[in-house]
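K.L.:
predicted model follows, preceded by the sequence.
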Amino acid sequence: MSIKLDEKDLAILTLIQENSKLTANQIAKKIGAPITTVFAKTKRMEEMGVIKEYRAILSPEKLNLGTAAFILAAVSYRAKNEDETPISQRQVAEEIARFPEVQEVHIITGDWDLLVKLRAENVDAVGKFVVDKLRLIKGLDKSLTCMVFETVKESTSLPQTFRKTQLKP
């Protein structure tokens with residue numbers, strides 16, 4: 001079963017990705033639809049989970065969190081002692097996700113098990129996070145920290161290809 005979205009739904013999604021502060025009236029004018037239609041379509045897409053949430057995107061630099069790092073982490077799947085139970089990749093990921101400095105945690109394929117995105121005040125703060133927090137997590141085997149020199153693109157928007165593809169429930 002797929003979710004059925006029409007051109008007006010897709011136009012609304014495009015607009016709110018660009019600026020979620022647009023009012024229903026502003027959206028209605030931009031897509032040429034009655035305001036009641038915009039309200040109804042937006043509510044329906046929220047209920048279906050197409051629209052997950054609305055949020056502000058803050059400037060990390062202005063909030064003294066301008067240093068970004070990506071950390072690759074490997075999980076030790078085997079218990080060190082016979083009386084210990086093995087730690088799962090998901091358990092380690094969930095533990096890392098609890099730290100407020102961590103923006104994203106992804107379970108990945110390849111030589112590494114996890115990809116972590118971190119925001120901090122400076123390089124020293126990243127180092128303290130890795131040494132004093134990350135490396136103390138049970139089941140974490142090793143990590144590789146990649147400091148970000150410059151961000152060329154960072155976005156929360158989904159590509160417009162959703163206009164052309166089959167939508168999943």
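P.N.:
Looks like it arrived, so ask away.

K.L.:
domain parsing for this protein?
P.N.:
Domains of the chain are assigned by automatic domain parsing as 7-56, 67-147.

K.L.:
a markdown table for those, including mean pLDDT and distance to residue 156?
P.N.:
Just so you know, the C-beta spots here come from the backbone N, C-alpha and C atoms, and that holds for glycine as well. Formatted as a markdown table, these follow (pLDDT from 0 to 100; distance: least, CB to CB, whole Å):
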| stretch | mean pLDDT | distance to residue 156 |
| --- | --- | --- |
| domain 7-56 | 94 | 8 |
| domain 67-147 | 93 | 11 |
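
K.L.:
between those, which one is closest to residue 158.
P.N.:
Proximity to residue 158 (CB to CB) singles out domain 7-56 among these, at 6.9 Å.

K.L.:
quick one: terminal-to-terminal distance for the closest one?
P.N.:
26 Å (CA to CA, to the nearest Å).

K.L.:
relative to the whole chain's centre, how far out is that domain?
P.N.:
21 Å (CA atoms, centre = their mean, to the nearest Å).

K.L.:
how many residues are close by residue 135?
P.N.:
Other residues within reach of residue 135, judged by other CB atoms under 10 Å, total 12.

K.L.:
for residue 91, same thing?
P.N.:
Using other CB under 10 Å, residue 91 is surrounded by 15 other residues.
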